[in-house]
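> dropping a prediction and its sequence here:
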Amino acid sequence: MDIRECINYLLTTAQHQVFQLLSSKLAPYGITPGQYGVLNCLWRKEAVNPKEMAQILGLETSTISGVLDRMQKKGLIDRVVDPNDRRCVQVVITPMGAALEEPVLQIIQELNEEVLRDFSREEATTLTRCLKQIAEKI
């Protein structure tokens with residue numbers, strides 16, 4: 001089988017292209033695609049613990065810890081002790097992180113449009129549905 005017929009190759013190559021494009025669009029805001037994932041979780045929920053966040057984003061807890069460290073140093077998030085369980089830490093968004101919501105979500109919308117512009121509406125819907133199906137299956 002030609003490598004260009006291998007689903008892993010195709011998904012990896014496509015993901016790399018989209019990742020590079022998103023990285024360049026987020027760079028002026030000083031965040032990475034991974035940090036966008038963390039911010040998106042926090043924009044949708046007031047506070048979550050690192051383990052929950054790692055599960056939502058499909059990352060290892062050790063990976064999310066490093067991302068959170070860098071974001072905390074930038075002042076985008078903070079970690080606070082859970083008032084209901086002092087053994088747990090909650091990740092909360094700071095005003096600086098909250099201020100990025102509107103411009104970053106606009107970038108995501110523009111990115112989606114740019115990536116899908118050569119597809120018909122039906123093709124784009126089908127592609128999105130298929131990618132969700134793959135992501136949820138594995």
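Yep, it's here. It should be emphasised that the depicted structure is a prediction, and the values quoted were computed from it without experimental measurement.

> what distance separates stretch 23-35 from the middle of the whole chain?
Relative to the chain's own centre, stretch 23-35 is displaced by 11 Å; criterion: C-alpha atoms, centre = their mean, to the nearest Å.

> contacts made by it with the rest, please.
19, 22, 36, 39, 57, 59, 67, 70-71, 74, 76, 100, 103-104, 107, 110-111 (C-beta atoms under 8 Å, 6 or more residues apart in numbering). Yep, even glycine has a C-beta here, placed from its N, CA and C like the rest.

> point to the helix or strand of this structure where mean pLDDT is at its lowest.
Lowest on mean pLDDT, DSSP states H and E among the helices and strands of the chain sits strand 47-48, with a mean of 78.

> so which elements touch it?
strand 85-93 (3 or more C-beta pairs under 8 Å, 6 or more residues apart in numbering; DSSP states H and E).

> name the helix or strand for the nearest residue to E101 once chain neighbours are set aside, please.
Using C-beta to C-beta, 6 or more residues apart in numbering and skipping the chain neighbours, the partner closest in space to E101 is W43 (5.1 Å). Using DSSP states H and E, W43 maps to helix 33-44.
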